[in-house]
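# below: sequence and its predicted model.
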Amino acid sequence: MTPAVVAAKKAGIAFQIHEYEGIDPADGDYAIAVANALGVEPERLFKTLVVSVDSKLEVFIVPADRQLDLRSVGKRAHMADRGEAERATGYVPGGISPLGQRRRLPTTIDESALAFEQIVVSAGRRGLQIELSPEDLVRLLDAKTKPIAA
């Protein structure tokens with residue numbers, strides 16, 4: 001059980017776990033491949049990105065079929081180094097969950113998530129996803145929502 005699943009259980013929210021196999025994070029668009037493997041619409045599967053904004057780490061959650069608009073998050077924003085993201089979250093890239101991170105980072109979720117009853121995000125390891133309501137995710141993370149995807 002990952003820290004993300006533990007966090008969801010502890011919060012007492014409704015969620016489902018989905019597992020998949022055989023996707024190499026080095027092969028093409030990993031998030032789209034995960035959505036296809038699970039039979040989930042790419043716009044309903046959200047990827048968790050760790051970004052350095054003005055030299056401080058933040059988390060941004062965007063749909064699998066879109067990219068983070070770095071200009072919308074800050075002038076000095078760039079993707080965090082993989083090792084830095086791993087140390088801050090406790091998760092390996094390709095398995096970074098917004099839930100149960102080692103260090104709670106400020107989080108923003110693309111507002112498109114609110115259009116769905118349920119969304120899917122990483123559950124804390126490659127091959128494992130968690131499906132939950134976007135409202136529960138926003139509440140658990142004390143996250144902001146705004147348009148951040150391009």
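That came in fine, so what should we check first?
# which stretches of the protein form strands?
Assigned by DSSP state E, the chain shows strands spanning 15-19, 46-53, 56-63, 77-79, 107-110, 119-125, 128-132, 144-146.
# in TSV: those, plus mean pLDDT and distance to I32.
All C-beta atoms are positioned from the backbone trio N, CA, C, and that covers glycine. Shown next, in TSV, are those (pLDDT from 0 to 100; distance: least, CB to CB, whole Å):
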stretch	mean pLDDT	distance to I32
strand 15-19	96	16
strand 46-53	96	10
strand 56-63	97	10
strand 77-79	94	18
strand 107-110	98	16
strand 119-125	96	13
strand 128-132	97	13
strand 144-146	97	23
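# figure out which of these is closest to Y30.
Nearest of these to Y30, taken as CB to CB: strand 46-53 at 8.0 Å.
# helices and strands of the chain: which one has the lowest mean pLDDT?
helix 30-38 (a mean of 89; mean pLDDT, DSSP states H and E).
# how about that helix: buried residues?
Of all the residues in helix 30-38, those buried under the rule 16 or more other CB atoms under 10 Å are 30-31, 33-35, 37-38.
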